[in-house]
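Visitor: Structural data only, the sequence is not supplied:
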């Protein structure tokens, strides 16, 4: 018998897969490689996600003198940039989805090192707490989901270029479902992870 929390986690990861895989399906392998070599764009995204955002979170903790229970949660959020919805918003705003997918790929792999490093640094500096337990199993699952979704989507977009509009719609549906799951979790008090939780790392 599955518990409600486990079902929500499975649904969240499934809709995350649909979201990222669908958006990745709007590009192809050549487009992804071209954006991965866009060093200025990738470096800008990396700097914003792993350098600027954690620093801003730390400054907010210091300026507003947040209690540890709130400040540590803020630091965990700002040091865990989620890229799941970047492609979704790029699609809505007619931005560069291929660059978004490339950045999601880079940030997902980078988060393996940068997430625990930033958490250890800023939580220690802010509160003197040197050991913050992280759910590495959950992080690993999210990373696996994101990478498999990107690989599946890009492969589908390469093989079936005439289906990219369909893939985009699938990604949009996945994104909307993930939003509804997050709202449901907030209303019911079930804090199950969604695509915006940043272990994806997205």
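Guide: In hand now; what should we look at? On a predicted model such as this, the values are computed, not experimentally measured, just so you know. Residues are numbered from 1 along each chain as shown.

Visitor: what helices or strands is the lowest-mean-pLDDT helix or strand in the chain leaning on?
Guide: None of the helices or strands of the chain scores lower by mean pLDDT, DSSP states H and E than helix 86-92, at a mean of 85. If contacts are counted by 3 or more Cβ pairs under 8 Å, 6 or more residues apart in numbering; DSSP states H and E, helix 86-92 sits against helix 4-24, helix 97-127, helix 164-188. Every residue, glycine included, has its C-beta placed from N, CA and C.

Visitor: Next, the buried residues of the second one.
Guide: Within helix 97-127, the residues that qualify as buried by neighbour count (16 or more other Cβ atoms under 10 Å) are 97-108, 111, 114-115, 118-120, 122-123, 126-127.

Visitor: again, but for the last one
Guide: Neighbour-count burial for helix 164-188 flags 164, 167-168, 170-172, 174-175, 177-179, 181-182, 185 (criterion: 16+ other Cβ under 10 Å).

Visitor: and the angle for that helix with helix 4-24?
Guide: For helix 164-188 against helix 4-24, the angle between stretch directions is 150 degrees (axes from the mean of the first three to the mean of the last three Cα atoms, to 10 degrees).

Visitor: helix or strand for residue 130, which one?
Guide: Using DSSP states H and E, residue 130 maps to neither a helix nor a strand.
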